[in-house]
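Colleague: Test case, fold it:
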Amino acid sequence: MAKILACIDGSIYSHSICDLSAWAASRLHQPVELLHVLGRREVSTIPVDISGTLVAYSQDILAELAAMDEQRASLSQKRGRLILEEGAARLKEVGVTEIDTHLYNGDLVETVAEFEPDTSVIVIGKRGEAADFAKLHLGSNLERVARAAKKPVLVAARAFKPIRRFLIAFDGGPSVTRAVELIAKGQLLRGLEGHLLMAGSPDEEAEAKLDAAETTLREAGWDVRARILPGEPETVIAAEVASASIDLLVMGAYGHSRIRNLIIGSTTTAMVRLCLIPVLMMR
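Modeller: Below is the predicted model:
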């Protein structure tokens, strides 16, 4: 059975990740796998002096360094278990009954890849513990997971609110075209109000693809509204999200126009940063 994979850390996004995962679980009728990955264990190194010569240590000092390493590792494990316990409690509060928790040491992307075959959606926060909140930089873990994942990635905003309307940022590329097809066939967004938006000055081929996407969704039961608005994608889409009270932004993780720059470049990174709502990315 497919599951929702929720990747949490000690950041302020953890509650929102749990709430968004619970929403996805209720829509798809799937359990939640709650994952917290500790960084690769760091060990104390023996320093060298300015000439590159190893500094001699007594056995007592080496033993003390080893004990400090063990203490750090133990504290990290305890903190990780507390993060998972709090996340599981949050999921139960919002109605999730099937929850598995996993605490791993290692690399987040490698660990997510191990879980991905049995996963329907990966949920992660826009920013993690180490992100620069003052500058609203997106987290490096989000970037790395979005690049590597083959399954849809659901990116949690800072706070969760009920999702009633979604907007597909459509550029005619293969990723967003596949996203439209998956939405039409799937249950995650079933029954929600849908919007299709193409930004810029598209040619006839792009307009035809937008019409085809609208037809695909309408034939699958959506009363969807498709629009083309002039301007830069990040500006146009952020304005539409605000004016239309959009609750979820849907994008192809990789496309063929300027909107493809999510994670890879500045244009769409800025757009995701400006749109203070969850983002569903599909390859």
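Colleague: Low-confidence bits of the stretch 151-283 of the chain, can you list those?
Modeller: Flagging of the stretch 151-283 of the chain using pLDDT under 70 yields the residue ranges 253-272.
Colleague: Which stretches in it count as strands?
Modeller: 153-156, 165-169, 193-199, 225-229, 248-252, 279-282 (DSSP state E, counting those that start in this stretch).
Colleague: and those strands as JSON lines, adding mean neighbour count and distance to Ser11?
Modeller: Every residue, glycine included, has its C-beta placed from N, CA and C. Output for the strands of the stretch 151-283 of the chain, formatted as JSON lines (neighbours: other Cβ atoms under 10 Å; distance: least, Cβ to Cβ, whole Å):
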{"stretch": "strand 153-156", "mean neighbour count": "26", "distance to Ser11": "10"}
{"stretch": "strand 165-169", "mean neighbour count": "24", "distance to Ser11": "25"}
{"stretch": "strand 193-199", "mean neighbour count": "23", "distance to Ser11": "30"}
{"stretch": "strand 225-229", "mean neighbour count": "16", "distance to Ser11": "34"}
{"stretch": "strand 248-252", "mean neighbour count": "26", "distance to Ser11": "21"}
{"stretch": "strand 279-282", "mean neighbour count": "24", "distance to Ser11": "17"}
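Colleague: Include distance to Cys7 when you put those strands into a markdown table, please.
Modeller: A markdown table is the format used below for the strands of the stretch 151-283 of the chain (distance: least, Cβ to Cβ, whole Å):
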| stretch | distance to Cys7 |
| --- | --- |
| strand 153-156 | 10 |
| strand 165-169 | 22 |
| strand 193-199 | 27 |
| strand 225-229 | 33 |
| strand 248-252 | 18 |
| strand 279-282 | 14 |
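Colleague: partner residues bridging Leu280?
Modeller: Taking DSSP bridges, one finds Leu154, Val250 as the beta-bridge partners of Leu280.
Colleague: quick one, what contacts it?
Modeller: Pro152, Val153, Leu154, Val155, Phe166, Ala179, Leu188, Leu248, Leu249, Val250, Met251 (Cβ atoms under 8 Å, 6 or more residues apart in numbering).
Colleague: Quick one: closest of the strands of the stretch 151-283 of the chain to Ala113.
Modeller: strand 153-156 (12.8 Å; Cβ to Cβ).
Colleague: What lies in contact with that closest one?
Modeller: With Cβ under 8 Å, 6+ apart, strand 153-156 has contacts from 13, 16-17, 19-21, 24, 121-126, 142, 145-146, 253, 272, 278-282.
Colleague: wait, Asp223 sits on Gly191?
Modeller: No. Using Cβ atoms under 8 Å, Asp223 is not in contact with Gly191; the gap is 10.4 Å.
Colleague: Arg283 contacts Val145, correct?
Modeller: No. Counting by Cβ under 8 Å, Val145 is not a contact partner of Arg283; they are 11.8 Å apart.
Colleague: who has more neighbours, the two?
Modeller: The neighbour comparison of Arg283 against Val145 (other Cβ atoms under 10 Å) goes to Val145, with 22 against 16.
Colleague: Make sure that one is indeed in a strand.
Modeller: No. Looking at Val145 with DSSP: H, G, I helix; E, B strand; the rest coil, it is helix, so not inside a strand.
Colleague: Would you mind measuring from Leu167 to Gly194?
Modeller: Per Cβ to Cβ, to the nearest Å, Leu167 is found 8 Å from Gly194.
Colleague: and what of Cys7?
Modeller: On the measure of Cβ to Cβ, Cys7 and Gly194 end up 27 Å apart.
Colleague: go on, Leu249?
Modeller: Counting by Cβ to Cβ, the gap from Leu249 to Gly194 is 12 Å.
Colleague: what sits in contact with each of the two?
Modeller: Joint contacts of Leu249 and Gly194 (Cβ under 8 Å, 6+ apart) are Phe166, Leu167.
Colleague: could the contacts of Leu280 be laid out in TSV, adding distance to Leu82?
Modeller: Below are the contacts of Leu280 laid out as TSV (distance: Cβ to Cβ, whole Å):
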residue	distance to Leu82
Pro152	29
Val153	26
Leu154	24
Val155	24
Phe166	34
Ala179	36
Leu188	31
Leu248	30
Leu249	32
Val250	34
Met251	34
